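Could you work out the structure for the sequence below:
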Amino acid sequence: MAMHSLVEILCEELDAIRGLQRRAEKEMLAGSHRHGVSQTLETCPGLGPIRIAQLLPVVVTPYRFSSKRAFWS
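Residues are numbered from 1 along each chain as shown. Have a look, this model is predicted:
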């Protein structure tokens, strides 16, 4: 019986975390779409919207790099 209640608690926790994850992804995507650079980065193969939202705070602007090679390295 104790194991059953523990599993229920863990499932409730997992559901809450998944809800928070979806909310965080929505807010991250909304924040990245406010920047025009995100459209430029979306043309890069292999970069999806989530990865671009993670890259934007690091890269700031891809135009500061002299070439594609410098950007990718």
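
Could you give the number of residues near the closest residue in space to Leu41 that isn't next to it in sequence?
Nearest non-adjacent residue to Leu41, counting by Cβ to Cβ, 6 or more residues apart in numbering: Ile52, 4.8 Å away. C-betas here are computed from N, CA, C, even on glycine. Neighbour count of Ile52, defined by other Cβ atoms under 10 Å: 22.

so what's Arg42 up against?
Slight slip there: residue 42 is Glu, not Arg. Pro49, Ile52 (Cβ atoms under 8 Å, 6 or more residues apart in numbering).

Repeat that for Ser5.
Ser5 makes contact with no residue, according to Cβ under 8 Å, 6+ apart.

Check it and give its pLDDT.
For Ser5, the pLDDT comes out at 90.

same deal with Thr61?
Looking at Thr61, its pLDDT stands at 68.

Check this structure for its longest helix and report it.
Looking across the chain with DSSP state H, the single longest helix is helix 2-33.

So for it, what gets flagged as buried?
Buried residues in helix 2-33, counted by 16 or more other Cβ atoms under 10 Å: Met28, Ser32.

I'm done for today, thanks for sticking with me.
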